[in-house]
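S.K.: next comes the sequence, and after it the predicted model I'd like to discuss.
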There are 2 protein chains.
Amino acid sequence: MDLQHLALHRTDGAPIYLQLYRRYREAISEGKLRPGDRVPSVRSLASELNVARGTVEAAYQMLVSEGYFVARGAAGTVVSPRLEHLAGPGQTPPARAASAPSNARMASSAALPFQLGLPALDAFPRKAWARLAGRSLRTLETVAMAYPDPAGYEPLRRAIATYLGISRGITCTHDQVFVTSGYRGALDLICQTLLKPADTGWFEDPGYVHARQFLERIGVRLTPVPVDAEGLNVTAGLQRASHASFAVVTPTHQSPLGMALSLPRRLELLDWAAQRRAWIIEDDYDSEFRYQGRPLPALKSLDGHGRVLYTGTFSKVLFPGLRLAYLVVPQAQVGRFKDAVTIFPGPGSISPQATVASFMEEGHFARHLRKMRTLYAERRGYLVDALERYGADWLRVQPQAGGIHVSAGLASRQDDIALTTAANAKGLAVEALGRWRIRKASQGGLLMGYANFASEDDAVKAVKRLLRVIKDSPA
Amino acid sequence: MDLQHLALHRTDGAPIYLQLYRRYREAISEGKLRPGDRVPSVRSLASELNVARGTVEAAYQMLVSEGYFVARGAAGTVVSPRLEHLAGPGQTPPARAASAPSNARMASSAALPFQLGLPALDAFPRKAWARLAGRSLRTLETVAMAYPDPAGYEPLRRAIATYLGISRGITCTHDQVFVTSGYRGALDLICQTLLKPADTGWFEDPGYVHARQFLERIGVRLTPVPVDAEGLNVTAGLQRASHASFAVVTPTHQSPLGMALSLPRRLELLDWAAQRRAWIIEDDYDSEFRYQGRPLPALKSLDGHGRVLYTGTFSKVLFPGLRLAYLVVPQAQVGRFKDAVTIFPGPGSISPQATVASFMEEGHFARHLRKMRTLYAERRGYLVDALERYGADWLRVQPQAGGIHVSAGLASRQDDIALTTAANAKGLAVEALGRWRIRKASQGGLLMGYANFASEDDAVKAVKRLLRVIKDSPA
C-alpha cells in the first residue's frame, strides 16, 4: 500500500495514532488494502512518517485488538485474512461488516461472541452522551472542580436515590448513597469501614468470581454457601458458618445462575443478619434487565434492622469503561462511611459523575433502559432459540429471571474449564461455570453473553462454532 | 424579589437546580436582590415553582457554599450582607466581584483566601478542555469503553512516560506507569501490592497529613523522621528505624516546608533502600512549579536498584476534581502491579483519562504549565511581599524551592492550631504546621496557599485580616 493513504494532519485535531488507525480502517474498507496484505513494520512506518514508534504501535495494537490486523511474529503484521468477505476495491461495505473481527458478526467490534457482562455498545447513545458531557464540563460549578465531595457528586447521589426509590423500592436519602469506582470500589469501602481482616463471610457458590478474588486478596475468609432454585441456601449457610459477620448475595438474578432469591429465603437471611448483627452485601448488578413480569424489589427494601449494604453499578446499564457504581448504607452507618471516604480513594473524576447525573435527571437514562430491555429480550431470544434448535443434545439452558447472559448445563461429563479454554482459543468468549465455583461440581456449565448478538444469524453462527468445539473436545 | 426572575425552562437543557442557581446569581449581580434580602424558604419556592424540594435545596446549598446566601436558621436564608460592595440596581458589576465570597477578592469563587493545594481555577482552560472531552467521547474506541485497561488508558500512560522523560529525567516505558485515583489511589495500590499490614515506614515530620492518615488507617506503622534545611534527615531515620521496609518522601519540594532533598541525602536514602531492600515512595506532587532555576531531577532518575515508586498527580497542574494521579514502578515490579490492578478498584472512568491524554498529546498541557508558572510566580510575589511589608514582626517566610503555597514561622510562641481555628472562623483558610507534625514542636507555623490571589490588593487585604487574628490571639 502506498503511504500517501496514510497522510497525517498534525493540525487536524485528532491524535496521530487515532488518525493512523482510521486511515488503515478506511484503506481496508475501501479495498486499498486486501486481506493477507503485509503492512510496514512499526519501526519503518514510524521513520517514514517521522512519528514516535509508540504512536504507530498504539494504532497497530488497536487494529490487532479489533481484528483488522494479525501479528505473525517474524513474518510481520498482515491484514486479517478473515476479512475476505469484504467488498472489493472501490466498494464501501456496510460499516458493521467492515468491523467484523470474526465469522460471527457482532454488534460491537469490541465484543467477542458470548462475551459476558458487556452491554450492547452499538446501542449506546454516544452523541447524546458526548453532548451532555461537554455541557456539564462547561457548566460544572468551580466548587465541584476544586473540592469534589468524596462521597460522590451530590446531584448524582440525589438522582440515584430517586431512581432506587422508583425502580427498586428502596427508601433512602442521598446522604446514604456513596458513589464508588465500580463494584470493587464499593466492596473496598465496605471492607475498610465495617469488616476486619479475619472476618468470615458467606459467599454464593457458584458466585461472582471477581468479587471473590477481591475479598480473598483483602484477607477476609469466605465460606461457600450453595445455591439452588431459590437462590442462596440460607439453611446451609447457618449450618456451615452461623457466626459469620457478613454475607454477599445477588438476590435479583443470582450471579451467574440467574434465579431470584425467594421471599422466604430473603426473610431468613435478614433474620440471621439482625440476630447476629451481620452485614448483608446485596449486589444488584443487573436487576434492570428482566423480560417477564417485574423483578422483586431489592432485598434492601425489606431491611428493617439496617443490616443491608446495597450496591448497584452503571457498568451494565451504561458502559463498563465508566467505572461507576454506588453503595447505599443504612442510615445509622452514614457517619462511619462519611469518615472513611475522606481517607480512602474515592469514586474518581467529577465529570463522568456530572454526566451521569444529567443523563438521569433529563430522562435519557429511563429511555435508554426501556430501549435496552426490548433489545436484550430480542437478543436473548436469538441465543436461546439457536441453543435449543442446534444444541439441545449438548447444552441445557437454565431458567433465568433476567440479566444479560445465559447459563447452560453441559449434558456430557466434559470438563467445562478445558472446554472453554478450547473455545476461547477460537475467539469464542464463553466462560466455564467451574471457574465461578468454589467447590467442584460433577456437572459443568457454560456462561454465555448475548447482548452483542445483532441478529439471529449472528447467534446461530456463533452457536454452531461453539458446538463444533464441544463435539471435538474429549468427553 | 419577584418570582418571574426565576422563570425556569424545562427544555433549556440545563438541570433545574443549575438554572435556579444561575437565576439567583444574575438577580444578585443585577441588583434585583440586595445584600440582606430574604429569599423564599425551600419549601415555599419548591411549591411555587412546582419542582422537587431537593432541587431548590441543591441550588441554595451551592449559593451558600459560594458565599451568595447566608443561612440564618429560623430567621430564614438571606443574600449575604458581605456582598454590600456590589454595584446598585441596573449596573452589572464585573463577574469576579460578583462572585466574591469575602472581603478578600479571590480569583476563583470556590477558593477561600490562603486555601492550600488548590490551583488557580480561574486560569484553567475550560473551553479547550470541554472541547477535547466532547471529542474524545465521540471518538473513543469502543474497546476502551468496554474493557478499560485496569492499569489506565494506554495513550495516557504513554503521554505520562514521555512527559516524565522530558521534564523529570525519568526513563520509563508506559508499562511501568499506572494511572490511579488520586495520590491516595497510588498509595493504596502500593500498600496492597508491596507492603504488609505491620510494616514500618519512615514518614517526614512534618509531612503530608492526608497521606499519614491514610497509611495509619491502612494499618502500617510510621516512624517520624525530622526534616531540616536539606530535607528528610536520613541519619535520623537510620537511627530510629533502620529496619523499616519503606520511606515516604517529597524530595522536590518537601511537603509542607518546601525545601529540596539535597543530593548527598538522596544518595544516602537510595543506599539504605538498596541495602535493606526497602521501598522509597517518592511523592512528586507539585514539582512542576518552580520559580528560580530548574528543579532537581526526580529521585527516581537516580534509582539504579529499582527501589523507588514514583508518584505524580494532576490535581495541582489541572484540577483536584479530576482525581487522577500516576505511579511509576520499577521494571521488576511491573508484573506484581499488573496483577494487583486486575483485582483492586482502578483509576476510574476512561473518559477523563482520554481527555488528559489528548490534552498532553496536543501540547495544551505544556502550554498550560508555562502559563501557570508565570502566573504563580506573580501571585506568590503578591503574598510574600504583603507578608514582608505588613507581617514581618509576626511571621517569617521560609525559603522554598517552589510549589503553590508559602510556609511561615510564627515569631511568637502562639499555638498555631488555636490560631488557625480562629482564622478559619473568619473565612481564612490558613493551615497550622502543627497539624502536619507527628511530634510537637516548640515553634508554630502557618501554611498559606496563594494560587487564587488575583492581585496584590487581594493578598494585602487577606494578610491584614490574618494579622488582625494573630494580634487578637493570646500569646
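M.R.: Good, I have the coordinates.
S.K.: could you use CA atoms for every contact and neighbour count after this?
M.R.: Will do.
S.K.: any stretches of the stretch 151-300 of chain A with poor pLDDT?
M.R.: Counting by pLDDT under 70, the stretch 151-300 of chain A contains low-confidence residues at A:293-295.
S.K.: can you confirm A:Ile281 is in a helix?
M.R.: No - A:Ile281 sits outside any helix when classified using DSSP: H, G, I helix; E, B strand; the rest coil, being strand.
S.K.: and the closest residue to A:Phe203 other than its chain neighbours, helix, strand or coil?
M.R.: Nearest non-adjacent residue to A:Phe203, counting by Cα to Cα, 6 or more residues apart in numbering or on different chains: A:Pro224, 5.0 Å away. Under three-state DSSP, A:Pro224 falls in the strand class.
S.K.: what count of nearby residues applies to A:Pro224?
M.R.: 20 (other Cα atoms under 10 Å in any protein chain shown).
S.K.: isn't it up against A:Trp436?
M.R.: No - if you go by Cα atoms under 8 Å, A:Pro224 and A:Trp436 don't touch, sitting 11.2 Å apart.
S.K.: find residues that contact each of the two.
M.R.: A:Asp205 (Cα atoms under 8 Å, 6 or more residues apart in numbering or on different chains).
S.K.: chain B contacts on the stretch 201-350 of chain A?
M.R.: Contact residues (Cα under 8 Å from any Cα of the partner chain) of the stretch 201-350 of chain A with chain B: A:210, A:213-214, A:217, A:319-324, A:343-350.
S.K.: filter the residues you listed down to the buried ones.
M.R.: A:214, A:319-324, A:343-350 (16 or more other Cα atoms under 10 Å in any protein chain shown).
S.K.: residues in contact with the residue lying closest to A:Pro148 once chain neighbours are set aside?
M.R.: Distances taken as Cα to Cα, 6+ apart put B:Gly321 closest to A:Pro148, at 5.1 Å, once the chain neighbours are dropped. With contacts defined as Cα under 8 Å, 6+ apart, B:Gly321 is in contact with A:144-148, A:349-350, B:315.
S.K.: quick revisit: so how far is B:Val177 from the residue nearest to A:Phe203?
M.R.: Using Cα to Cα, to the nearest Å, A:Pro224 is found at 37 Å from B:Val177.
S.K.: repeat that for A:Asp472.
M.R.: In this view, A:Asp472 and B:Val177 are 43 Å apart by Cα to Cα.
S.K.: so between these two, which is more surrounded?
M.R.: Using other Cα under 10 Å as the criterion, A:Asp472 and B:Val177 rank with B:Val177 on top: 27 against 11.
S.K.: not counting sequence-adjacent ones, nearest residue to that one?
M.R.: Nearest to B:Val177 is B:Val328, by Cα to Cα, 6+ apart, at 4.6 Å.
S.K.: and that neighbour, how many neighbours?
M.R.: 28.
S.K.: OK, contacts around it?
M.R.: Residues near B:Val328 by Cα under 8 Å, 6+ apart: B:172, B:176-178, B:309-311.
S.K.: am I right that A:Ile303 is in contact with A:Leu269?
M.R.: Slight slip there: residue A:303 is Asp, not Ile. No - contact criterion Cα under 8 Å: A:Asp303 and A:Leu269 do not qualify, at 10.4 Å.
S.K.: and the spatially most central residue of chain A, backbone torsions?
M.R.: Compute the mean C-alpha point of chain A, and by Cα atoms, centre = their mean the closest residue is A:Gly117, 3.3 Å away. The phi and psi values for A:Gly117, taken as degrees, to the nearest 10, are phi 70, psi 10.
S.K.: so what's it scoring on pLDDT?
M.R.: In this model, A:Gly117 is scored at 88, pLDDT.
S.K.: check the buried ones among the residues of the stretch 201-350 of chain A next to chain B and tell me the two furthest apart.
M.R.: Spatial extent of these (Cα to Cα) is set by the pair A:Phe319 and A:Ile343 at 27.7 Å.
S.K.: would you mind listing what in the stretch 51-200 of chain A touches chain B?
M.R.: So far as Cα under 8 Å from any Cα goes, the stretch 51-200 of chain A lies against chain B at A:54, A:58, A:66, A:108-111, A:118, A:121, A:126-127, A:129-131, A:133-135, A:137-138, A:142-148, A:155, A:158, A:181-182, A:184-185, A:188.
S.K.: of the residues you listed, buried ones?
M.R.: Buried, going by 16+ other Cα under 10 Å: A:54, A:58, A:66, A:108-111, A:118, A:121, A:129-131, A:133-135, A:137, A:142-148, A:155, A:158, A:181-182, A:184-185, A:188, out of those.
S.K.: select from the residues you listed every entry located in helices.
M.R.: Using DSSP state H, A:54, A:58, A:129-131, A:133-135, A:137, A:142-146, A:155, A:158, A:182, A:184-185, A:188 are the members of these that sit in helices.
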